[in-house]
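Undergrad: Predicted model and sequence below, questions to follow.
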Amino acid sequence: MTTIPPIRSLEQLAQLDTCAVSDALDTLGLPGSTVTPQQVAGSIRICGIATTVLLEPGKAPETAQKVHLCARAIDASTTDHIIVIQHPGIDAGGWGGVLSFAAQYKGVKGAILNGPSRDIDEARDLGFPLYATGGITRTARGRLHESATNIPVTIDGVTVSPGDFVIADATGVVFIQAAEIERVLDKAEAITRREQQMIRALKSGKKTVEVLGADYEDLLKN
């Protein structure tokens, strides 16, 4: 089971968007931004802490306990969690409709995988936030197996550990190392304030070139 972080951090993160957090990571020289998982179901921004799953190609070893992939992760999660799944990139679904129902029923905030998902219509009907590379009808049975839960996984070259922070919206997915959350929040909030100042300047009648000139280019400077 992952450790629940201070609720203040989640509340602060919920007030931001993925671009501000990504810019903060860039400024601090930290990894975290991803490209491939995109919103395929759900229409709200989600933030939470990671429960991780590692999927590998092929059938599970004969000695392994037979369990549906991602079922353990759902049972290990609470209402502050987002399930993050490392998919091996083969043509088989790493998530599905029953999982979406089970996760939503448990109160899980969403699921993110760097591979395709089945039953996207079901996730949409449920309003369950799901991020994937796209949809696929092909089952995982005989093609994928879960090799571990709650270990470090890799999404688009970003290492995600159990307990790391996650924020996802219609633009994309960003991960924040738990140890760096306060620094990232402080920087992202500062970036957001500066962007809001730019909006106010535009509303006051200033020219776009003036507002989005040197100040914008310097936005990410320390």
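TA: Cool, got the structure.

Undergrad: I'd like the next helix or strand past the helix or strand residue 194 falls within.
TA: Using DSSP states H and E, the element containing residue 194 is helix 181-203. Next in sequence after helix 181-203, counting helices and strands by DSSP H and E, comes helix 208-211.

Undergrad: What is the longest strand that the chain contains packed up against?
TA: Ordering each strand of the chain by length in residues (DSSP state E) puts strand 46-57 first. If you count contacts as 3 or more CB pairs under 8 Å, 6 or more residues apart in numbering; DSSP states H and E, strand 46-57 packs onto helix 7-14, helix 71-76, strand 81-86, strand 144-149, strand 153-155, strand 165-168. For every residue, glycine as well, the C-beta is placed using N, CA and C.

Undergrad: next one: that strand to chain centre, how far?
TA: 8 Å (CA atoms, centre = their mean, to the nearest Å).

Undergrad: now that strand against strand 144-149, angle please.
TA: Angular relation of strand 46-57 and strand 144-149 on a 0 to 180 degree scale: 120 degrees, by axes from the mean of the first three to the mean of the last three CA atoms, to 10 degrees.

Undergrad: For strand 46-57, which residues meet the burial criterion?
TA: Neighbour-count burial for strand 46-57 flags 46-55 (criterion: 16 or more other CB atoms under 10 Å).

Undergrad: Give the pairing partners of that strand; include direction for each.
TA: Strand pairing for strand 46-57, determined by DSSP bridges: strand 81-86 (parallel), strand 144-149 (antiparallel), strand 165-168 (antiparallel).

Undergrad: Quick check: which helices or strands does the helix or strand following the shortest one pack against?
TA: What it means is strand 165-168. Sequence-wise, the next helix or strand downstream of strand 165-168 (DSSP H and E) is strand 173-176. The contact analysis (3+ CB pairs under 8 Å, 6+ apart) places strand 173-176 against helix 18-28, strand 165-168.

Undergrad: Identify the residues contacting strand 173-176?
TA: The contact list for strand 173-176, computed with CB atoms under 8 Å, 6 or more residues apart in numbering, reads 13, 18, 21-22, 25, 30-34, 37, 50, 84, 112, 131, 155, 158, 160, 164-168, 184.

Undergrad: Name the spans of this protein whose pLDDT lies under the cut-off.
TA: Within the chain, the stretches with pLDDT under 70 are 1-6, 214-222.

Undergrad: Apply 80 and report the result again.
TA: Where the chain drops to pLDDT under 80, the residues are 1-8, 62-64, 213-222.

Undergrad: So it: which segments form each domain?
TA: 7-179, 185-217 (automatic domain parsing).

Undergrad: Just name the most buried of these.
TA: For those, average neighbour numbers computed from mean count of other CB atoms under 10 Å are highest in domain 7-179, which has a mean of 19.

Undergrad: Pull up the distance across it, start to finish.
TA: Start-to-end span of domain 7-179 (CA to CA, to the nearest Å) is 15 Å.

Undergrad: How far does that domain sit from its chain's centre?
TA: Worked out by CA atoms, centre = their mean, domain 7-179 lies 6 Å from the chain centre.

Undergrad: Perfect, that will be all.
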